[in-house]
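1. using only what follows, build the 3D model:
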Amino acid sequence: MTRWQPTWGRLGAGTGALFLVILAFLAGRVRGGHDPALHTQPVAAPVVTQSDPSVQPSEPAPLTTRPS
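-> Reported below is the predicted structural model:
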């Protein structure tokens, strides 16, 4: 029996396949929201403001092209 000998073509194909598998894994993590680069930043909570119904909004000044 002959011993199996790796060739440059098989080595290149195996390396490329492994690279694509790792790349797909990392892309899936980023798309899923598990980006390690953004992990240290706190998540911003949405700001909710309540308007006071007793305060009426003032009318904005009309936009004109001529100086007043």
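2. can you pull out the helices in this protein?
-> Along the chain, the stretches classed as helices by DSSP state H are 8-31.
3. list the contacts of V21.
-> By Cβ atoms under 8 Å, 6 or more residues apart in numbering, V21 lies in contact with nothing. Using the backbone N, CA and C atoms, a C-beta is placed for each residue, glycine as well.
4. from A37, how far off is it?
-> 21 Å (Cβ to Cβ, to the nearest Å).
5. kindly report the same for Q5.
-> 42 Å.
6. and for A27?
-> From A27 to A37 the distance is 14 Å (Cβ to Cβ).
7. neighbour count winner among the two?
-> Neighbours were counted for A27 and for A37 using other Cβ atoms under 10 Å; A27 has more, 10 against 7.
8. just the pLDDT at that one, thanks.
-> Per-residue pLDDT puts A27 at 92.
9. and for Q50?
-> The model's pLDDT for Q50 equals 64.
10. what's the answer for G16, then?
-> So, for G16, pLDDT stands at 98.
11. ok, it to R31 distance?
-> 22 Å.
12. tell me, how many neighbours does L18 end up with?
-> 10.
13. give me the residue ranges of the protein where confidence is low.
-> The chain contains residues with pLDDT under 70 at 1-2, 39-57, 67-68.
14. please repeat the previous calculation with a cut-off of 90.
-> 1-6, 29-68 (pLDDT under 90).
15. fine by me, we can end here.
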